[in-house]
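> From the sequence below, what's the structure:
(2 chains)
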Amino acid sequence: MSVVESDVKTLVIDEQEVSGRRGQTILEVAQENEIPIPTLCHLEGLSDLGACRLCMVEIKGSNKLQPACVTTIFEGMEVTTQSERLKGHRRMILELLYAERNHICSVCVSNGYCELQTLGQEQGLTHVRLPYRNPELRVDASHDRFTVDHNRCILFIRCVRVCSGIEGAHVGDVLARGIDCIVITDLHEEWGKSTCTRCGKCVQVCPTGALFDKSKIGSDHPKDPDFLPYLNLMREAR
Amino acid sequence: MSKLKLATVWLDGCSGCHMSFLDMDERLLELAEVVDVVYSPIVDAKEFPDEVDIALVEGAVASVDDEKKIRKIRDHSKTLVAMGDCAITGNVPSMRNPIGPEAIMDRAFIQNASAQAQIPCIVVPKLLRVVRPIHEFVKVDVFLPGCPPSAGTFHTALTALVNGGPLDIPALTRFGA
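Next up is the predicted model:
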């Protein structure tokens, strides 16, 4: 009995008393209790990275902000998910993403379905205070079904993670670091000449218009990543 | 109460924001009761007036001429509104930024010319190296994103600006809307 009790942790998120199981993350417990925390690199069904930093939260007793998606809960934890400080950081992250590459929403295939665009609106972004970098980036349309537009990529590598972790192909990976970082297929081959299995999972999990289906070019291009938790569940059951 | 002086300006954009502004239809009559349009591509005035209450600026800053205009507009306007994505982000005009102005001029005036292929050096203003949003040049008071912002967005925003009421822009519109 005592073992079972110690597996349950009680904590406070935004002044609301909640409980979770040992090993759960702040984000999981918050979502179970319908407390919204913005996320971008996180996707249910994929391994978490803590890369985008949008889910950073304040934890009482610590000066450091922690990413909710990879921080596990502890007994008596007090979490704040919304504050002026966090709002400022989240806005700055989104502005950095917008300024880094060429996100021209009006002519993007994902206009209206883009997670970056939606988050920008939710976080009250009406303009970007930083100068745009305007990098020269390529579009690889060599694949017969899909296209990658590096102008729209925000490098949270959901595509790479789904390709290696779920599809088991590991065709996608990352080349170089920092500002030169780019998602590649195989050893930087054209996508059309790579060992891609043509499953299309990467396209469905891409949060922006960086990966898109050639048959759906236009403004009607919703992504559907909801198959992932289901797929994982079925595999566990097998 | 005397009417507010409204100006609308067209820099490097497609005029779609002005079209959307006109899409307010009968609501324009309601607006005309409280503002005078003192300068706009759709009225006759040639010079930007000395005193404007609200200036709506469509388009990005792409040429030396645009830069001169936006500084003048700022100097003579109480409230400057960046109208639409081109003014706010550079949007479609900024797609030339990674390519550079030389290649653009060459394409437009040399490769596509059917007669007298030459780069113009008079009348056509010199292009800036990169197209930039207007807030990189002057202080902007209100940002109204959208490509274009809808007529409803214009109506709600202008009503709030004229009456000095609260204005929640992210609830109305976003980039690419």
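> Quick check: closest non-adjacent residue to residue A:85.
residue A:58 (7.2 Å; Cβ to Cβ, 6 or more residues apart in numbering or on different chains). C-beta here means a position set from N, CA and C on the backbone, and glycine is covered the same way.
> wait, is the one you found part of a strand?
Yes: Residue A:58 sits within a strand when classified using DSSP: H, G, I helix; E, B strand; the rest coil.
> How about the contacts made by the residue in chain A positioned nearest to chain B?
Here chain A gets closest to chain B at one residue, residue A:105, 2.7 Å apart by Cβ to the nearest Cβ. Residue A:105 makes contact with A:111, A:114, A:117, B:85, B:89, B:147, B:174-176 under the criterion Cβ atoms under 8 Å, 6 or more residues apart in numbering or on different chains.
> quick one: the residue nearest to residue A:85 and residue A:86 touch, right?
Yes: contact criterion Cβ atoms under 8 Å: residue A:58 and residue A:86 qualify, at 6.7 Å.
> where are the low-confidence patches of chain B?
B:1 (pLDDT under 70).
> Looking from chain A, tell me which residue of it is nearest.
Checking chain B residue by residue against chain A with Cβ to the nearest Cβ singles out residue B:176 as nearest, at 2.7 Å.
> how about that residue, secondary structure?
Of the three states, residue B:176 takes coil under three-state DSSP.
> Need phi/psi at the nearest residue to residue B:156 once chain neighbours are set aside.
Nearest residue to residue B:156 in three dimensions, chain neighbours excluded: residue B:172, at 5.9 Å (Cβ to Cβ, 6+ apart). With angles defined as degrees, to the nearest 10, residue B:172 sits at phi -90, psi -40.
> where's residue B:172 relative to residue B:149, distance?
Distance of residue B:172 to residue B:149, computed by Cβ to Cβ, to the nearest Å: 8 Å.
> Then residue A:173 would be within a strand, right?
Yes: assessed with three-state DSSP, residue A:173 lies in a strand.
> burial count for it?
Close neighbours of residue A:173, defined as other Cβ atoms under 10 Å in any protein chain shown, add up to 16.
> So it is in contact with residue A:182, correct?
No: in this structure, residue A:173 is not within contact of residue A:182 by Cβ under 8 Å, at 10.1 Å.
> who in chain B is up against chain A?
B:82, B:85, B:88-92, B:94-95, B:97-99, B:130, B:132-133, B:135-136, B:140, B:143-145, B:147, B:169-170, B:174-176 (Cβ under 8 Å from any Cβ of the partner chain).
> can you give me the helices in the chain?
In the absence of a named chain, chain A is used. Taking DSSP state H as the test, the helices found in chain A are A:2-6, A:26-32, A:84-100, A:115-122, A:158-165, A:201-205, A:227-237.
> was after chain B, sorry
B:16-22, B:27-32, B:64-75, B:85-89, B:101-105, B:151-163, B:169-172.
> Please identify the deepest-packed of these.
Mean neighbour count (mean count of other Cβ atoms under 10 Å in any protein chain shown) peaks for helix B:85-89 among these, with a mean of 30.
> Check what contacts it and list those residues.
A:98, A:104-106, A:126-128, A:132, B:11-14, B:17, B:57-60, B:82, B:91-94, B:133-135, B:143-147, B:175-176.
> and if we set it to 7 Å?
Helix B:85-89 is touched from outside by A:105-106, A:127-128, B:12-13, B:57-60, B:82, B:91-93, B:133-134, B:143, B:145-147, B:175-176, with contacts defined as Cβ atoms under 7 Å, 6 or more residues apart in numbering or on different chains.
> got the CA coordinates for that helix in CSV?
Extracted C-alpha coordinates of helix B:85-89, given in CSV (Å, rounded to 0.1, in the frame of the first residue of the first chain):
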residue,chain,number,x,y,z
ASP,B,85,1.8,41.7,-43.8
CYS,B,86,4.0,43.6,-46.3
ALA,B,87,4.3,46.6,-44.0
ILE,B,88,4.8,44.4,-41.0
THR,B,89,7.0,41.5,-42.2
